[in-house]
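[1] Make a model of this:
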Amino acid sequence: MKNEIPTINVDILIVGAGPAGLAAAIAAKKAGIESLIVLEREDNAGGILRQCIHNGFGLHRFKEELTGPEYAQRDIDTAKEMEIDVRTGVTVLSVTKDKVVTAISKKYGLQVFKAKAVVLAMGCRERPRGALAIPGTRCAGIYSAGTAQKFVNLEGFMPGRRVVILGSGDIGLIMARRMTLQGAKVLACVELMPFSSGLNRNIVQCLHDYNIPLYLSHTVTDIQGKERVTGVTVSKVDENRRPIPGTEIQFDCDTLLLSVGLIPENELTIGAGVEMSNVTSGAVVDDSLQTSIPGIFACGNVLHVHDLVDFVSNESFKAGQAAADFVQGKEHAGRLVAVKDGAGVRGAVPQQIRLEKGAEHENIDIMFRPDRVYQNPYVVVKADGKPIFSKKNMIMAPGEMANITLTAKHLALCEDAQCIEVSISMEKPVL
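    Below you'll find the predicted structure:
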């Protein structure tokens with residue numbers, strides 16, 4: 001006779017106890033949800049912030065500069081004070097469209113939860129070397145920037161002494177400074193695109209301040225070494241990102257760090273049958289962060305990769321509140337209007353806005369990344385081709401998330417629309 005695993009009923013189950021999961025849990029608890037469980041596969045809550053010991057966190061949310069662990073600890077302490085059930089060392093195996101969550105751990109064994117609402121907050125992971133197809137040997141000394149960060153900041157291990165960094169994402173830029181401060185020589189930061197994919201402040205503080213050269217429109221075309229990396233070859237690329245013969249630069253190094261993009265950790269989302277975006281690699285959501293499956297919400301880096309944790313928290317507070325509204329039967333009514341990427345825009349989130357005709361609309365933020373660097377552009381929002389919003393910016397770049405706010409006035413103009421389009425234009429539109 002089979003031993004059946006009893007199902008644990010819970011109002012809201014949150015997957016992930018990083019900044020997104022904790023913020024969603026805090027918001028749901030404040031909204032009156034008592035039956036609430038947070039599952040985290042790591043042994044400690046806090047997510048990636050635990051290894052981000054540099055400062056610069058919390059400026060928007062707390063109006064002060066904090067390190068990653070300090071920022072995380074504030075939410076961990078708040079969750080503890082609110083008596084939120086955060087269970088660490090628990091790996092979620094699956095989430096179904098019926099909101100049945102299966103998890104396993106040393107402490108609890110195999111468990112099955114039946115939730116009224118699920119919040120997905122699993123974060124993201126780094127793109128590995130295998131996705132890049134770099135020629136060369138499979139020798140030691142090649143790390144993702146985040147792995148190197150964990151080695152240095154949490155485990156006290158130096159990955160190498162002479163370092164080249166491929167990719168100019170924020171983690172790579174921060175590790176250029178960190179490795180330098182630990183006594184390593186960072187020879188170069190190499191970026192395939194003609195612009196950096198990191199925040200401008202990190203380019204200044206982590207590269208310029210330490211005289212580390214940034215090679216734009218360059219990439220690694222060969223890795224030398226048998227047991228350990230002994231050098232890399234860097235080449236300039238053309239407008240089609242193909243290496244240009246005769247432009248090779250040789251660097252003698254023992255370490256190559258890869259900072260070549262982040263990928264939302266969406267295996268559970270896909271397994272639940274949620275509609276996915278080909279642009280963000282995250283779920284398609286409406287303005288309450290609800291996915292295509294009612295009662296399943298997504299927030300933080302599992303939805304789309306953010307620049308700042310402050311924005312992750314703000315978004316996740318909204319997801320937690322929306323999940324609580326769903327459980328309490330306070331769902332927002334209205335018709336779904338599609339939000340589309342126009343010229344110059346990649347990955348607008350949310351991809352849908354729910355609008356009820358004649359209702360009093362709350363402000364809605366739309367976040368996206370420009371597809372290249374723009375100087376003095378206008379962000380334009382159109383409802384069925386008619387401009388309803390325009391905002392001028394000094395400069396826009398893919399490395400910095402753009403954010404616009406549609407007010408009740410703008411949303412009232414969209415009530416009968418079939419589509420809302422967000423685009424970037426060099427000409428001021430006539431509203």
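[2] ok, residue 118 - contacts?
    By C-beta atoms under 8 Å, 6 or more residues apart in numbering, the residues touching residue 118 are 12, 13, 14, 15, 95, 99, 101, 272, 295, 296, 297, 323. From N, CA and C alone the C-beta is placed, and that goes for glycine too.
[3] And residue 315, by the same measure?
    20, 289, 299, 300, 303, 306 are the contacts of residue 315 under C-beta under 8 Å, 6+ apart.
[4] Pull out the buried positions in stretch 131-149.
    134, 136, 139, 141, 142, 143, 144, 145, 146, 147, 148, 149 (16 or more other C-beta atoms under 10 Å).
[5] Quick check: what element follows the biggest helix by length in the chain along the chain?
    Longest helix in the chain, counting residues (DSSP state H): helix 309-327. Using DSSP states H and E, the next helix or strand after helix 309-327 towards the C-terminus is strand 335-341.
[6] Packing partners of that next one?
    Applying 3 or more C-beta pairs under 8 Å, 6 or more residues apart in numbering; DSSP states H and E, one finds that strand 335-341 makes contact with strand 345-349, strand 352-355, strand 419-425.
[7] Pretty sure residue 70 sits against residue 53.
    No. Look at residue 70 against residue 53 with C-beta atoms under 8 Å: they stay out of range, at 9.4 Å.
[8] sorry, back to before: TSV please, covering the contacts of residue 315 and showing secondary structure.
    Listed next are the contacts of residue 315 as TSV, based on DSSP: H, G, I helix; E, B strand; the rest coil:
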residue	secondary structure
20	helix
289	coil
299	coil
300	helix
303	coil
306	coil
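[9] centre of the chain versus the longest helix of the chain, how much separation?
    When distances are taken as C-alpha atoms, centre = their mean, to the nearest Å, helix 309-327 is centred 15 Å away from the chain's centroid.
[10] Can you show me the CA trace of it as CSV?
    Extracted in CSV, the C-alpha atoms of helix 309-327 (Å, rounded to 0.1, in the frame of the first residue of the first chain):
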residue,chain,number,x,y,z
VAL,A,309,17.2,46.0,-5.8
ASP,A,310,15.1,48.9,-4.7
PHE,A,311,13.0,48.5,-7.8
VAL,A,312,12.8,44.7,-7.2
SER,A,313,11.4,45.4,-3.7
ASN,A,314,8.9,48.0,-4.9
GLU,A,315,7.6,45.6,-7.6
SER,A,316,7.4,42.7,-5.2
PHE,A,317,5.4,44.7,-2.6
LYS,A,318,2.9,45.2,-5.4
ALA,A,319,2.9,41.4,-6.2
GLY,A,320,2.4,40.5,-2.6
GLN,A,321,-0.5,42.9,-2.2
ALA,A,322,-2.1,41.6,-5.5
ALA,A,323,-1.8,38.0,-4.3
ALA,A,324,-3.5,39.0,-1.0
ASP,A,325,-6.3,40.7,-3.0
PHE,A,326,-6.7,37.6,-5.1
VAL,A,327,-7.1,35.4,-2.0
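[11] I am finished for the moment; much appreciated.
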